[in-house]
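1. here's my sequence, what's the structure:
(one chain, ligands or ions: 1)
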Amino acid sequence: MTIGLRDEAGAVIDKFDVNHEKLMHLIVVSEDLSHFEHLHPEYEWNGTFRVDLTFPAGGRHKLFADFVPSGGAQTTIGEWIDVEGEGAGRPVVPEAELAKTIDGKRIELDIAGLSPNADAMLTFSFKDAPSGRPIDDLEPYLGAVGHVVILSEDAETYLHVHPADEASTGPEATFHTSFPSSGTYKIWGQFQHQGRLITVPFVVNVTK
Ligand SMILES: [Cu+2]
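-> Below you'll find the predicted structure:
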């Protein structure tokens, strides 16, 4: 896929600032939010980026391109695309317990302020699953202890959140955000430990 960027007057945008170590961050999700990818398209020339995409299933997908035009503000553009074939169509169901074991690590998410327009504080905590020992040697991923992307169930609201303390190495990583309205949201936390990227998804319900 190539992504070409132009300003409102139709002029090519060809200068970008590095933002979290990259010129562009591209988030790809299926309509049911079951498929999630965070990619970094390569800049080619003349305002054009290029990236290889693989879709595990068909159906509608949404792409979010995150970038900073030089001298401008952080910008996110979202576009729906159709992929041939059927989508998985899984329901997005809020989880009663926000804890998962991935790659031998127990990851828990605690959220304070899970109501619309409140200051929400997300705290991820990490333990070695077999021993229960806290993990305090998380590695920087794209220049911070972690990255969090949040989407509303309809993929219309996109939040990209960076940690309160970017230099933290665990066992906790804290993120501040605000959910703009009631409803179901999916949260993906991305962290690095022992050279491996961990992507941990959670589904929550935001209510008044
Ligand atoms: Cu990125």
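
2. break the chain down into its domains, please.
-> Annotated domains of the chain cover 2-83, 99-206 [automatic domain parsing].

3. helix, strand, or coil at the spatially most central residue of the chain?
-> Residue closest to the mean C-alpha point of the chain, counted by CA atoms, centre = their mean, is Val149 at 2.7 Å. Under the three-state scheme (DSSP: H, G, I helix; E, B strand; the rest coil), Val149 adopts strand.

4. grab the nearest non-local neighbour of it.
-> Trp188 (5.0 Å; CB to CB, 6 or more residues apart in numbering). C-beta: built from backbone N, CA, C; applies to glycine.

5. doesn't Leu39 make contact with Arg50?
-> No. Assessed by CB atoms under 8 Å, Arg50 is found out of contact with Leu39, at 10.9 Å.

6. surely Phe191 touches Ser125?
-> No. Contact criterion CB under 8 Å: Phe191 and Ser125 do not qualify, at 11.1 Å.

7. those two: which is more packed in?
-> Neighbour totals were compared for Phe191 and Ser125, and Phe191 leads with 27 against 17 (other CB atoms under 10 Å).

8. list the contacts of the more buried one.
-> 124, 126, 138, 141, 145-146, 173, 197-198, 200 (CB atoms under 8 Å, 6 or more residues apart in numbering).

9. cool, Lys22 as well?
-> With CB under 8 Å, 6+ apart, Lys22 has these contacts: 40, 142.

10. what are the boundaries of the helices in the chain?
-> Assigned helices in the chain: none (criterion: DSSP state H).

11. Gly58 and Gly89: what is the separation?
-> Distance, Gly58 to Gly89, by CB to CB, to the nearest Å: 11 Å.

12. please say which of the two ends up with more neighbours.
-> Gly58 (14 against 11).

13. what's the closest non-adjacent residue to the more buried one?
-> Using CB to CB, 6+ apart, the closest residue to Gly58 is Gly85 (2.5 Å).

14. let me know the pLDDT of that neighbour.
-> Looking at Gly85, its pLDDT reads 94.

15. mind listing what's buried in stretch 199-208?
-> The neighbour-count check on stretch 199-208 (16 or more other CB atoms under 10 Å) flags 200-204, 206 as buried.

16. what sits up against that stretch?
-> Stretch 199-208 has contacts (CB under 8 Å, 6+ apart) with 36, 38, 92-95, 98, 100, 102, 107, 109, 111, 114-116, 124, 179, 181-191.
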